[in-house]
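J.: Sequence first, then the predicted structure, then my questions.
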Amino acid sequence: MNYNWSFAPIFENWQVLAIGAVGTLRLFVICLVIGMGLGLVVALGRRAEARPLRWLSRAFVEVFRNTPVLVQILWFYYALPILAPVEIGPFTAAILGISLNSAAYSAEIFRGGIQSIEPGQWEAARAIAMTPAQVMRRVILPQAVRRIVPALTNRGVEIFKMSTLASVVAYVELLNQGKLIASIYFNPLEVYTIIAALFFLLLYPIVRLTYALERRLARSDA
Amino acid sequence: MSVLKLVGISKSFGGTRVFENVDLDVEKGDRIAILGASGSGKSTLLRCINLLETPDAGSIEIGGTKVGSAGRSGLRISERDLQALRLRAGMVFQQFNLFPHMTVAGNVAEGLSTVRRMSRPDARTRAIMELARVGLADKADAYPARLSGGQKQRVAIARALAMDPEILLFDEPTSALDPALVGEVLGVIEQLAEEGRTMLLVTHEIGFAYHVANRILFLAEGGIYESGTPDEVLKHPRRPLTQHFLKEHKRFQF
């Protein structure tokens, strides 16, 4: 194989990729917060006393879990503005698609975590006259979250990588910027290799952080 | 003075009757041991008192106040009623049910800070006082996973005591313990009995019940089958199922 490697244009245009990386990180942080936060709300909604709330939460999970994120992003970008008088940019469309999908998944993770806590914990907390909300906040969730950190980490990694889907509506993130460079310099091999490496370099430290978090949370296991 | 009064309490699970029409009057300072074969509804009766199970029928009065109101299907109880009742009736479980993510002091202080709205330092001070009462003040900052079963149960007792209950409910507090650890827990319960605390104790420790209780209830056939002083029920049982039960428990000694 006689291939002329051409990494130089990538390094010369590093600002282009830097802008992309910032876009990726921005999308990731927002989607992570909304995805997990809304996921918890939906998980609690599935346990609500009010039947409509339970039904709504369940419907939310099924709709957003069983449709592709890519289609959701395209739908929010191209279809929603036809139905409703709203202006939806690439960033908003990507946030909606990725966050709602992640919320559906993390809702199920939270639900599983909450259900995994022994009924005796509820009983002991109720027996000292805590209200159901207090039991959830002080006794059940702290234990449940500890158990689901690995599953939530998975979810977080997934969110990070899903950010590339935003390139479909031309949101400025890493992949989108890579494509730009590749289309100008005709060096897809180099560009996509570098993009993959950049994702790894950005993600791995974050994952390491969650391992540290797991260890910290395991303190009480003696 | 009546601390707790049950009138006509009934409970069934999916068509299977556990007990029916149980009446019970607990006076201040009473130490009532509830005995019976497994499945006789001892634990369920105890759990009905602080409404971890909702009775199908009947009424509960605690400290002279009626709990909830009669509804179409059993008792109707508001969250506020539940809280008021549970503050007056402390519960100790067979499986301890300590909160594993909190320290020992944290377990005991939790109800004080979250429910009684005590400041954290005050709650901790009080928690350590209760821990001293059960001989575990030195374990205040340990996590439950570090404790033996007997120590865990003593922490659970301290957790209940911290809420200043008028009546203590013990649900087989030594059944999950190694035989070697039963004594330390019974010792704490005995000490509480000597302090004059009102308690209901579901147990299989017949010898202990004989020494500590002033009244024995024997549950069978869906209700209180025989009751009386420990001498009456345990030494001179009048009815056949009680006699049979005591014969089966040959191990007990007075």
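T.: Looks like it arrived, so ask away.

J.: which helix of the chain spans the most residues?
T.: No chain was given, so I picked chain A. Longest helix in chain A, counting residues (DSSP state H): helix A:14-45.

J.: Oops, wrong one, chain B.
T.: helix B:179-194.

J.: Against which helices or strands is it packed?
T.: helix B:149-162, strand B:198-202, helix B:206-212 (3 or more Cβ pairs under 8 Å, 6 or more residues apart in numbering or on different chains; DSSP states H and E). Where you see a C-beta, it was placed from the backbone N, CA and C, and this is true even at glycine.

J.: quick one, which of the ones you listed is nearest to B:Asp178?
T.: helix B:149-162 (6.2 Å; Cβ to Cβ).

J.: Let me know the average pLDDT across that closest one.
T.: The predicted model assigns helix B:149-162 a mean pLDDT of 97.

J.: Is any residue of that helix near chain A?
T.: Yes. Looking at helix B:149-162 against chain A by Cβ under 8 Å from any Cβ of the partner chain, the contacts come from B:156, B:159-160.

J.: Let me see the ranges of the helices in the chain.
T.: I'll assume chain A. All helices of chain A, identified by DSSP H, fall at A:8-12, A:14-45, A:51-65, A:69-74, A:80-83, A:90-115, A:119-127, A:132-134, A:141-162, A:174-185, A:188-217.

J.: I was thinking of chain B, sorry if that wasn't clear
T.: B:42-49, B:79-88, B:104-110, B:120-133, B:149-162, B:179-194, B:206-212, B:230, B:240-248.

J.: Give me the contacts around the first one.
T.: If I follow you right, that is helix B:42-49. B:4, B:6, B:9, B:11, B:18-19, B:22, B:34-36, B:53-55, B:60, B:89, B:91, B:94, B:169-172, B:200, B:202, B:219 (Cβ atoms under 8 Å, 6 or more residues apart in numbering or on different chains).

J.: closest one to chain B among the helices of chain A?
T.: For the helices of chain A, proximity to chain B was assessed by Cβ to the nearest Cβ; helix A:119-127 is nearest, at 3.6 Å.

J.: elements contacting the closest one?
T.: For helix A:119-127, the elements it packs on are helix B:79-88, strand B:89-92, helix B:149-162, judged by 3+ Cβ pairs under 8 Å, 6+ apart.

J.: where does chain A come near chain B, residue by residue?
T.: Counting by Cβ under 8 Å from any Cβ, chain A sits next to chain B at A:118, A:120-121, A:123-132, A:134, A:138-139, A:142-143, A:146, A:219-222.

J.: one more time with 10 Å, if that's ok
T.: Proximity of chain A to chain B, by Cβ under 10 Å from any Cβ of the partner chain, involves residues A:117-135, A:137-140, A:142-143, A:145-146, A:217, A:219-222.

J.: can you pull the pLDDT of the residue nearest in space to the middle of chain A?
T.: Centroid-nearest residue in chain A: A:Ile159, 3.2 Å away (criterion: Cα atoms, centre = their mean). Note on A:Ile159: pLDDT of 96.

J.: okay if I get the helices of chain B as a markdown table plus distance to A:Val16?
T.: Formatted as a markdown table, the helices of chain B follow (distance: least, Cβ to Cβ, whole Å):
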| stretch | distance to A:Val16 |
| --- | --- |
| helix B:42-49 | 67 |
| helix B:79-88 | 59 |
| helix B:104-110 | 52 |
| helix B:120-133 | 53 |
| helix B:149-162 | 61 |
| helix B:179-194 | 69 |
| helix B:206-212 | 79 |
| helix B:230 | 87 |
| helix B:240-248 | 84 |
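
J.: Nearest to A:Pro52, out of those?
T.: Relative to A:Pro52, the nearest member of these by Cβ to Cβ is helix B:79-88, separated by 20.6 Å.

J.: avg pLDDT for the closest one?
T.: For helix B:79-88, mean pLDDT rounds to 91.

J.: picking up where we left off before, as CSV, the helices and strands packed on helix A:119-127 with mean neighbour count and distance to A:Ala182 would be great.
T.: Below are the helices and strands packed on helix A:119-127 laid out as CSV (neighbours: other Cβ atoms under 10 Å in any protein chain shown; distance: least, Cβ to Cβ, whole Å):
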stretch, mean neighbour count, distance to A:Ala182
helix B:79-88, 17, 62
strand B:89-92, 27, 67
helix B:149-162, 25, 63
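
J.: Let me know whether the residue nearest to the centre of chain A touches A:Leu27 as I believe.
T.: Yes. Between A:Ile159 and A:Leu27 there is a contact at 8.7 Å, judged by Cβ atoms under 10 Å.

J.: Just list the residues touching the residue nearest the centre of chain B, thanks.
T.: Taking Cα atoms, centre = their mean, the centroid of chain B lies closest to B:Leu169, which sits 1.7 Å from it. Taking Cβ atoms under 10 Å, 6 or more residues apart in numbering or on different chains as the criterion, B:Leu169 is in contact with A:127, B:4, B:34, B:43, B:45-47, B:49-50, B:52, B:89-93, B:160, B:199-202.

J.: Can you read off the pLDDT for it?
T.: Per-residue pLDDT puts B:Leu169 at 97.

J.: B:Ala142 now?
T.: B:Ala142 is assigned a pLDDT of 96 by the prediction.

J.: Tell me how far the closest residue to it other than its chain neighbours lies from A:Ala104.
T.: Using Cβ to Cβ, 6 or more residues apart in numbering or on different chains and skipping residues adjacent in sequence, the residue nearest B:Ala142 is B:Val104, 5.4 Å away. Taking Cβ to Cβ, to the nearest Å as the measure, B:Val104 falls 39 Å from A:Ala104.

J.: and what of A:Phe186?
T.: From A:Phe186 across to A:Ala104, the span is 40 Å (Cβ to Cβ).

J.: between those two, which one's more packed in?
T.: A:Ala104 (22 against 11; other Cβ atoms under 10 Å in any protein chain shown).

J.: Leaving out chain neighbours, which residue sits closest to that one?
T.: A:Phe64 (3.7 Å).

J.: hang on, isn't the one you found packed against A:Val42?
T.: Yes. Using Cβ under 10 Å, A:Phe64 makes contact with A:Val42 at a distance of 9.4 Å.

J.: Mind listing the shared neighbours of those two?
T.: Common contact partners of A:Phe64 and A:Val42 (Cβ under 10 Å, 6+ apart): A:100, A:103-104, A:107.

J.: residues contacting residue 152?
T.: Answering for chain A, as no chain was given. A:32, A:35-36, A:39, A:105-106, A:109-110, A:113, A:145, A:210, A:213.

J.: meant chain B actually
T.: B:95-98, B:104, B:107, B:136, B:144-146, B:176-177, B:181, B:185.
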